[in-house]
Structure formats: structure tokens, C-alpha cells
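Q: Just a sequence and a predicted model for now, questions to come.
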Amino acid sequence: NTNTNTNTNTNTNTNTNKARAMKLLKTAFIVTGLALSTAAFSQDAAPAATAAPAAAVTAPDEASAAIGSPEAGKALVVFFRPSAFKGAAIGFIVREGETELGKLRNANFFTAQVTPGKHDYTVHSEAKDVTTIEAEEGETYFLSGEINMGFMAGRPNLSPSDLEAFKAAFKKLKPSKPLE
């Protein structure tokens with residue numbers, strides 16, 4: 001009987017010690033994980049905080065310089081096409097009436113000085129898309145182009161946009177080549 005009690009006590013002590021060891025091990029893993037994630041977050045956060053203001057200061061100036069401002073008595077329309085994999089090989093011409101204003105390829109932009117009033121801009125392939133703006137003197141307007149999937153060919157589309165979207169895309173944009 002003494003032998004049985006000793007074995008039972010030994011087994012109980014061993015199980016208790018294993019349970020304590022597991023608790024300590026879990027606690028150690030949690031503490032280590034928190035310490036590492038906090039350190040990683042601190043290292044990532046510091047450079048972002050110092051880099052962001054520099055980018056914010058230079059990017060708007062570059063974007064604004066690239067598009068210019070409206071001439072006296074005119075409005076400025078900025079046509080741009082953000083860089084995208086979808087439809088990257090397809091370019092399309094932007095027209096107002098019968099006049100070809102420029103060609104938008106992937107990651108390109110161009111501008112047009114226009115008289116105040118109503119303007120209808122058309123892009124087409126197998127389908128036609130018309131975007132209308134009411135231009136006011138001294139204002140700048142942004143139209144973003146993209147290619148959507150069509151039945152046999154990509155379908156170009158122009159949508160109203162804004163300065164923030166242009167600035168976000170500007171890092172990858174290049175001026176469109178003039179039409180010949």
C-alpha cells in the first residue's frame with residue numbers, strides 16, 4: 001500500500017509540475033510575442049511618420065507643376081489614366097465633337113485649356129462613352145480614364161475625378177505624346 005500511495009503522489013506531483021510548466025511556457029510565448037510585435041510596430045511607425053510629410057510636401061507641387069493652371073478666361077481639364085494591369089496595352093483617343101484632344105494610354109495624362117461652358121468628351125471602341133462637364137472660368141477639372149472588359153475589345157470609360165485621385169496616381173504617370 002505504501003508503494004501505491006508513493007506512486008500516486010509522484011504521478012500527481014509530476015502532472016502538477018507539467019501543468020505549471022505549460023502555463024509558464026504559454027505566458028512566456030505571449031509576453032515574447034507582445035514584445036516583438038510592439039518593437040516591430042515602433043520601428044515601422046517611426047520611419048512612416050518622418051517619411052509621410054516629406055512625400056506630402058513634394059508630390060502636390062510636382063503634380064500641380066505638371067498640369068499648370070487655367071489660362072485667363074479659360075478652364076483647365078486634366079485627362080489621366082492611372083497605371084493598371086487591366087487593359088494596359090490598349091490606348092484610346094479623347095474627342096470633343098470631331099476634334100481629337102489626346103490619346104490616353106496606360107499611366108498617361110494630358111491637359112486641355114477650354115472655354116467656359118458645356119463640354120462633351122467622347123471615347124469609344126465597340127461602345128461609346130460620353131462624359132459632360134460644365135466648365136467655369138479659372139477652374140480645373142479632372143477626368144479619369146480606364147478600360148473595362150468588352151465583348152471583343154476593351155471599352156474605354158471617362159469618369160469625373162478629383163485632384164486627390166490625380167495626386168495618388170501621379171507618381172506613375174507620364175505626359176501623353178502629342179497627336180500627329
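A: It's in.
Q: switch to C-alpha atoms for all contacts and neighbour counts from now on
A: Noted.
Q: Within its sheet, name the partner strands of the host helix or strand of Ser159 and how each one runs.
A: Per DSSP states H and E: Ser159 is located in strand 155-160. The strands beside strand 155-160 in its sheet (DSSP bridges) come out as strand 140-148 (antiparallel).
Q: and for the partner strand, what are the contacting residues?
A: Strand 140-148 is contacted by residues 69-70, 75-82, 86-87, 90, 104, 135, 154-163, 166 when judged by C-alpha atoms under 8 Å, 6 or more residues apart in numbering.
Q: residues of the strand holding Ser159 that come out buried?
A: Arg155, Pro156, Asn157, Leu158 (16 or more other C-alpha atoms under 10 Å).
Q: tell me which of these is nearest to Glu62?
A: Distance ranking of these against Glu62, using C-alpha to C-alpha, places Leu158 first at 23.7 Å.
Q: That closest one and Phe142, how far apart?
A: According to C-alpha to C-alpha, to the nearest Å, Leu158 stands 10 Å off from Phe142.
Q: So which bits of stretch 94-107 are buried?
A: Residues of stretch 94-107 classed as buried by neighbour count (16+ other C-alpha under 10 Å): Val94, Arg95, Leu101, Gly102, Lys103, Leu104, Arg105, Asn106, Ala107.
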